[in-house]
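K.L.:
Sequence and predicted structure are below.
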Amino acid sequence: MEHISADVVIVGSGVSGALFAHQISQHGLKVLILEAGTHVDRNQAFGKYLNAPEKTLDSPYEEWKLGSDNSFIQDGLDQFKSSYLRKVGGTTWHWLGICPRLLPEDFKMKSLYDLGVDWPIDYETLEPWYDKAEKELGVAGKNDQDLGSPRQQNYPLPEIPYTRTDKFVIKNLKNSKYENLINHTPQARNSVAYDNRPQCCGAASCIPICPIQAKYDATVHVEKAQHCGASLITDAVVFRVVSESSGKITEVHYKKSNKQVYIVRAKIFVLAANAIETAKLLLISKSEFFQNGIANQSDQVGRNLMDHPASLSYAIAPEKIFPYQAPLQTAGIDFFRKGAFRKEYAAYRIQIQNSGWEFPKISEGGGIQSVVEKLIEQGFTGKALKHELENLVSKQICFASMLEQLPDINNRVQVAYNNLDSFGIPKPKITYQLDMYTKKALIESKKQMVEILKILKCTEIQSSNDYFGAGHIMGTYRMGLNSKSSVVNSNLQCHGHFNLFLLGAGVMPTAGTANPTLTIAALALRCADFVIKNFRGLHAET
Amino acid sequence: MLKRRQFISQLILSAGVFIVSTQVPIFANSEDYFKKFMEVSKKLTEDDYLDIQNGRLYFNYFFQKKEYKHDFLKFLSEFGKSSYGNKNIHFFSKEILKCWYSGIVNVNNHKKLITYTSALSWQATGIKPVGVCGIFGKW
C-alpha cells in the first residue's frame, strides 16, 4: 500500500468537489482531489456521440455507465430513474445547466405545511452564496423577472433569448389565465463569452454534451483548482473512510482499476461523490467504533433519497415552431412552485422543451426518428414523406413538469454486499417509491399542461403514463441541527466527525422544485468559506 | 394516415408500371445491382441527389446480409416491373427508406450508424442536425 498525505482531501470532482477545491486551494493548503473516473476528452466524446446510432445520456461516455441498471441495484416498488457519471467533472458533463434558486418557502416545509423538515438555514443565509455561485458557474438570466427568490445582485450574464417555441407559447397564452406566467430560465450557459468559454452556438445537444463548453461543467473549477496547486488523482475509487474512536477521520483508502490500494492521510476530509456514492461510502466504512458506518449515529445515512420525478405532455402545434435548434430549455412557468396547495400535493415547475418530442419518444429512437418510422410504416414515400415529416416535426411541442418529492426514510441507499462492482466494492442498493403527495401532483401537473396545450390550439395532445427521472439525486445525508435526525450540521460538517464534511445534494433536507446544482454550488462555497475561516481550529481540534 | 391501397398507389406512382413476373432476372454483377439500388432509392425518396457513398454502404448492408440477399436481389430485379402484390417489395421499400432517412442500418441486431448529418430526416425537416453548431439566438 502506498501512502499519500494532504491538508484537505476531496473525494469527487463534480461541481461541489471542484468548487470547494478551487476555493480551498487559493489559501495555500495542500489539496488532493480523488476522482473515481477518468478525464473526458471533449472532442473524442462529442465524436462518440455523433457516431452513436442511439443518442442516449451515456453515449459520449460509454466506458462507464453508472446509474444504469448494471451500476446500482433496484429493490423498491418504483424504479429510481436518475443516473450520474464517474468522470472528472462528474455529472455536469451531461446536465442541462438549469440554475433556478430554491424559494424561501422551500426551506420551511415543516413550519409552513407540516410536511418534511425545515432546513437549519434559511434562504436569506444562502442568498449571498447563490450570488457567488451564479458568478462561478456563469448563470444567464433575466433581471426584471421575479422567479420567487429575492436577489441582491444581477445575473452575471444576460438571459438566453426565447426560442420560436417560447414565443409561440407566450403569444398564444395572451388573454388566458396563464398570461405573463412565462419566465426566462436561468442557466449556466454562456449568452456571451464568459470565463474563457465561448457563447452558446445552439448545437442543441446540451444533454448529453456541449461541443464547445458554452455550458458550464465542473472541469472549469477542477482546472482552476489545479492551477492554484491542487492535485488530482483519477481512477481512484475510495472504498473506506477510517475514523478513530473519537470521531476524528484519519485516512481514506482508494483502489485503482489495477486493484492497487492507496491510503491518503489528511487533516480535513470532504466527500463529494454524489448522494448515492457518498452515502454508500459512509455505510461501507463500518468499523468496531462505528458499526453503522461513518456519520451514521442517527441512522439517517442513505435515507430520504429524493429526485424530481418528471411528467410530460406533448402535442402538435397549429403552426411551425421549429424545435431541435436551441438550448434544450429556455423558458418555463414558475407559478406552480409555490402556494397553499403544497399542503395537499407537490409543487412543480413547468418547462417548455425546445427538443420537440425527443424526451417522450426517447425509447422509440427520439422525436424525429419515431415519426419517420411511423410515416414509412404508414406507406409514405417520396415528396409526400418529406412534406409530412417536415410538417409534423416542425410543430412538435412538449412540456415537462418537474415535481417536488418529500423526504421519506424508506426511500434509501443501502449496500448490496453480495453484489460487487469490477473493483470488488459492493454496489449501492436503491429502494424507492413515489408517495401520494407526488403522485397527486403528477396528475395535477398533467392537467395543467394539457389545459395549456388546448389553449394553444394544439392537436394530438398526449401525456406520458409514467414518470421520468430528472437526474437530481438528493437527501441521503441531510443537514440539520439535531444529530439524532440529521447527518451534517448547517456547515455541512458531520455530526460526531468534526474534520469530515459532506457536499452535494445529499445534504438537502427537502427538494423544492429548483434543479439542485446551483444550491449544491452555493452550499459548497459556503462550506469552503467555513473551512477556510476555521481551518486552524479544525486542525487543532483534530 | 395512408391506407394499404393508398400506399400501393403511391408506390406505383414512384415505381412506374408494374408487370407480373415470377422470374428473378440476374444482373451481371453487383455493380449493376448497386446502380439499380440507387435508381430504386431515388424513386422511393424522389430525391435525385442522394449521396452515392452512403448509398453504397446501405446497398452493402442489404447485399451482404445473408438472410436478405436473395429477396433483396429479387426486389431490385422486380422493382418497377413486377406486381406489387408480393410482400418483398413492400418490405424492402420501407427498409430502404428507413436507411436513407435515419442513416442507420441494423447489423446482427446492433444498430450501425452510416451517416448522421447526411440522414435525409434533417434535409426533409430543414433542421440542422442536433449537435452541429448554428448561430446564437437564431432559434
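P.N.:
Yes, it's here.
K.L.:
need the helices for chain B, in chain order.
P.N.:
Taking DSSP state H, the helices of chain B run over residues B:4-15, B:30-45, B:52-64, B:66-78, B:87-102, B:120-125.
K.L.:
now residue B:111, nearest residue through space, not along the chain?
P.N.:
In space, residue B:111 comes closest to residue A:53 once its chain neighbours are excluded; the distance is 3.7 Å by C-beta to C-beta, 6 or more residues apart in numbering or on different chains. Every C-beta, even on glycine, is put in place using the N, C-alpha and C of the backbone.
K.L.:
wait, what's in contact with the one you found?
P.N.:
Each residue near residue A:53 by C-beta atoms under 8 Å, 6 or more residues apart in numbering or on different chains is listed here: B:104, B:111, B:112, B:113.
K.L.:
Dump those residues into JSON lines; add neighbour count as well.
P.N.:
Conversion of these to JSON lines gives the following (neighbours: other C-beta atoms under 10 Å in any protein chain shown):
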{"residue": "B:104", "neighbour count": "21"}
{"residue": "B:111", "neighbour count": "13"}
{"residue": "B:112", "neighbour count": "14"}
{"residue": "B:113", "neighbour count": "16"}
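K.L.:
and those, which of them are in strands?
P.N.:
Counting by DSSP state E, the members of those that fall within strands are B:104, B:111, B:112, B:113.
K.L.:
Just put those in TSV and tack on pLDDT.
P.N.:
Supplementary listing: the ones in strands among the contacts of residue A:53 in TSV, determined by pLDDT from 0 to 100:
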residue	pLDDT
B:104	96
B:111	90
B:112	93
B:113	96
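K.L.:
what about the chain, any weak spots by pLDDT?
P.N.:
I went with chain A, as the question did not name one. Counting by pLDDT under 70, the low-confidence segments of chain A come to A:62-70, A:539-542.
K.L.:
wrong one, I was asking about chain B
P.N.:
Answering for chain B: the residues below the bar, that is pLDDT under 70, span B:1-28, B:82-86.
K.L.:
what about the residue nearest to residue B:54 when sequence neighbours are not counted, neighbour count?
P.N.:
Taking C-beta to C-beta, 6+ apart as the measure, residue B:54 lies nearest to residue B:115, with 5.0 Å between them; neighbours along the chain are not counted. Using other C-beta atoms under 10 Å in any protein chain shown, the number of residues around residue B:115 comes to 20.
K.L.:
Give me the residue at the spatial middle of the chain.
P.N.:
Going with chain A. residue A:472 (4.0 Å; C-alpha atoms, centre = their mean).
K.L.:
could you do chain B instead?
P.N.:
Among the residues of chain B, residue B:96 comes closest to the average C-alpha position under C-alpha atoms, centre = their mean, at 2.4 Å.
K.L.:
residue contacts, that one?
P.N.:
Taking C-beta under 8 Å, 6+ apart as the criterion, residue B:96 is in contact with B:37, B:40, B:41, B:44, B:58, B:62.
K.L.:
Out of these, the closest to residue A:294 would be?
P.N.:
Looking at these and their distance to residue A:294, the nearest is residue B:58, at 57.4 Å (C-beta to C-beta).
K.L.:
Report whether the expected contact of the closest one with residue B:107 is present.
P.N.:
No: counting by C-beta atoms under 8 Å, residue B:58 stays clear of residue B:107, with 11.8 Å between them.
K.L.:
helices or strands up against the one helix or strand residue A:525 maps to?
P.N.:
Using DSSP states H and E, residue A:525 maps to helix A:517-541. With contacts defined as 3 or more C-beta pairs under 8 Å, 6 or more residues apart in numbering or on different chains; DSSP states H and E, the packing partners of helix A:517-541 are helix A:15-25, helix A:123-137, strand A:261-271, strand A:497-502.
K.L.:
Which parts of the first one count as buried, going by neighbours?
P.N.:
The reference is to helix A:15-25. When burial is assessed from 16 or more other C-beta atoms under 10 Å in any protein chain shown, helix A:15-25 yields the following buried residues: A:15, A:16, A:17, A:18, A:19, A:20, A:21, A:22, A:23, A:24, A:25.
K.L.:
Could you look up the SS state of residue A:428?
P.N.:
Residue A:428 carries the three-state label strand when classified by DSSP: H, G, I helix; E, B strand; the rest coil.
K.L.:
Now for the residue nearest to residue A:492 when sequence neighbours are not counted: which residues touch it?
P.N.:
Closest residue to residue A:492 in three dimensions, ignoring its sequence neighbours and counting by C-beta to C-beta, 6+ apart: residue A:527, at 4.4 Å. Shown in contact with residue A:527 (C-beta under 8 Å, 6+ apart): A:20, A:491, A:492, A:501, A:503.
K.L.:
Please work out how many residues are found near the residue nearest to residue A:464 when sequence neighbours are not counted.
P.N.:
Sequence neighbours aside, residue A:312 is the residue nearest to residue A:464 in space, at 4.3 Å (criterion: C-beta to C-beta, 6+ apart). A count of neighbours around residue A:312, defined by other C-beta under 10 Å, yields 24.
K.L.:
Relative to chain B, which residue of chain A is the closest?
P.N.:
Taking C-beta to the nearest C-beta as the measure, chain A has residue A:379 as its residue closest to chain B, at 2.7 Å.
K.L.:
Fine by me, thanks again.
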